[in-house]
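J.: heads up, no residue letters with this:
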C-alpha cells in the first residue's frame with residue numbers, strides 16, 4: 001500500500017485521469033455509438049427527443065459532440081508527435097556535436113521560425129493553401145518544432161557536459177549509444193514536463209485554428225467549429241456551445257494535472273531513494289536542524 005502511494009500522488013492523479021478520460025473516451029469511441037442521423041429539426045431547439053437540443057442547422061447536438069472530438073484529439077496528438085520526431089534528433093545533434101557550423105545550420109533556421117507567432121504562421125500558410133486535417137497537423141507541428149528543439153538541446157547540453165559523457169566517448173562508445181542510451185534517458189523528465197505543457201498548447205492551437213475555419217469544413221462535426229457556429233444562439237440554446245467548450249477545457253486541464261502528478265511522483269521517489277541510500281545519518285542531521293521536531 002505504501003509503495004502505491006509513492007507512484008500515485010494523492011487525488012491529483014485520480015482527478016487528472018478522470019478529466020482526461022471523459023473527453024478522450026467521447027472522442028475515440030463516440031462515433032461508434034452515434035447511430036444514424038435523424039431528420040433535421042428547428043435550429044436552436046430544446047427537447048423533442050434532442051436532450052442537448054439542436055445546433056444552428058437543426059442537427060442533434062449530442063450526435064455532433066460524439067463525432068466532434070476525434071478531429072481535435074487526433075490532430076493534436078499527431079502534431080505533438082511529429083514535432084518531437086523532428087525536435088529530438090535536431091536537439092540531440094546540436095547538443096552533442098563539436099562542429100559549430102553544424103549547430104548553426106540546424107538551429108538558426110529554427111530561430112527564424114520561432115520569431116513568427118504560431119497562429120500568424122498558420123494563418124499565412126492557410127491564406128495560400130487550404131489545409132485539411134493532415135495539413136493542419138503538419139502546420140501545428142512545424143510551429144512547435146523550434147521551441148521543442150531548443151528545449152531538447154538545452155537539456156541535452158547540460159547532460160553532455162558531465163564527466164560521464166566524456167568518459168563514454170573516451171571508451172569509444174558509439175554516438176548512438178551516448179546520445180540515446182545515456183543523454184536521451186537522462187532528459188526524459190524535462191521532456192515529459194514539456195510534452196504535457198506542449199500538448200495543452202497544441203490542443204488550444206488546433207481548436208483555435210478550427211474555430212477560425214482552418215483545416216475543417218464550416219459545418220464539420222468538430223468541437224471548436226461547434227463553439228464558433230453555435231455562439232449566435234448561446235442565450236437561446238446554450239448546450240451547443242457550452243458542452244464542446246467544456247470538453248476542450250476539461251481535456252487540457254486534465255493533461256496538465258496528469259503530467260504534473262506523474263512528475264511529482266517521480267521527484268518524490270527520487271528524493272526518497274537518495275535519503276535511503278545516505279542512511280540514518282541524514283535523518284539524524286534533519287533532527288538536529290529541527291530541534292522542535294518530536
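T.: Yep, it's here. Since this is a predicted model, take the numbers as computed values, not measurements.
J.: which secondary structure elements does the helix or strand that contains residue 197 contact?
T.: Assigned by DSSP states H and E, residue 197 belongs to helix 188-211. With contacts taken as 3 or more C-beta pairs under 8 Å, 6 or more residues apart in numbering; DSSP states H and E, helix 188-211 sits against helix 61-96, helix 118-128, helix 133-160, helix 223-230, helix 239-278. Any C-beta I mention is one placed from the backbone N, CA and C, and that applies to glycine too.
J.: which parts of the first one are buried?
T.: Meaning helix 61-96. Neighbour-count burial for helix 61-96 flags 61-73, 75-76, 78-80, 82-84, 86-88, 90-96 (criterion: 16 or more other C-beta atoms under 10 Å).
J.: and for residue 71, nearest residue in space, chain neighbours not counted?
T.: residue 222 (5.0 Å; C-beta to C-beta, 6 or more residues apart in numbering).
J.: cool, and residue 60?
T.: residue 50 (5.0 Å).
J.: pretty sure that neighbour contacts residue 41?
T.: Yes: Residue 50 lies in contact with residue 41 (C-beta atoms under 8 Å); the separation is 6.6 Å.
J.: so what sits against both of the two?
T.: Common contacts of residue 50 and residue 41 (C-beta atoms under 8 Å, 6 or more residues apart in numbering): residue 60.
J.: more neighbours: these two, which one.
T.: residue 50 (21 against 18; other C-beta atoms under 10 Å).
J.: quick check: phi and psi at the more buried one.
T.: Per-residue torsions, residue 50: phi -110, psi 100 (degrees, to the nearest 10).
J.: ok, now which ones touch it?
T.: Each residue near residue 50 by C-beta under 8 Å, 6+ apart is listed here: 41, 60, 61, 62.
J.: cool, residue 84 as well?
T.: Going by C-beta under 8 Å, 6+ apart, residue 84 touches 148, 191, 195.
J.: residue 202: which of the helices and strands packed on helix 188-211 is closest?
T.: Among those, helix 61-96 comes nearest to residue 202, with 4.8 Å by C-beta to C-beta.
J.: report pLDDT for residue 294.
T.: At residue 294, the model reports a pLDDT of 37.
J.: just residue 145 next, same as before
T.: pLDDT for residue 145: 94.
J.: next: residue 71.
T.: Model confidence at residue 71, given as pLDDT, is 87.
J.: report the contact partners of it.
T.: By C-beta under 8 Å, 6+ apart, the residues touching residue 71 are 133, 210, 216, 220, 221, 222.
J.: isn't the fifth one right up against residue 72?
T.: No: counting by C-beta under 8 Å, residue 72 is not a contact partner of residue 221; they are 10.6 Å apart.
J.: so where is the protein shaky, pLDDT-wise?
T.: For the chain, the stretches flagged by pLDDT under 70 are 1-10, 265-294.
J.: return the residues in contact with the residue nearest in space to the middle of the chain.
T.: Centroid-nearest residue in the chain, with C-alpha atoms, centre = their mean: residue 199, separated by 1.2 Å. Going by C-beta under 8 Å, 6+ apart, residue 199 touches 76, 77, 80, 255.
J.: residue 244: which of those is nearest?
T.: Set against residue 244, the nearest of those by C-beta to C-beta is residue 76 (14.7 Å).
J.: which ones are touching that closest one?
T.: Counting by C-beta under 8 Å, 6+ apart, residue 76 makes contact with 140, 199, 202, 203, 206.
J.: by neighbour count, which of the residues you listed wins?
T.: Neighbour counts for the contacts of residue 76 peak at residue 206, which has 32 neighbours (criterion: other C-beta under 10 Å).
J.: got the angle for the host helix or strand of residue 108 vs helix 118-128?
T.: Residue 108 belongs to helix 100-114 when assigned by DSSP H and E. Calculated by axes from the mean of the first three to the mean of the last three C-alpha atoms, to 10 degrees, helix 100-114 forms an angle of 80 degrees with helix 118-128.
J.: contacts only, for the closest residue in space to residue 179 that isn't next to it in sequence.
T.: Spatial nearest neighbour of residue 179, chain neighbours left out: residue 92 (4.9 Å); criterion: C-beta to C-beta, 6+ apart. The contact partners of residue 92, taken as C-beta under 8 Å, 6+ apart, are 152, 153, 156, 179, 180, 183, 184.
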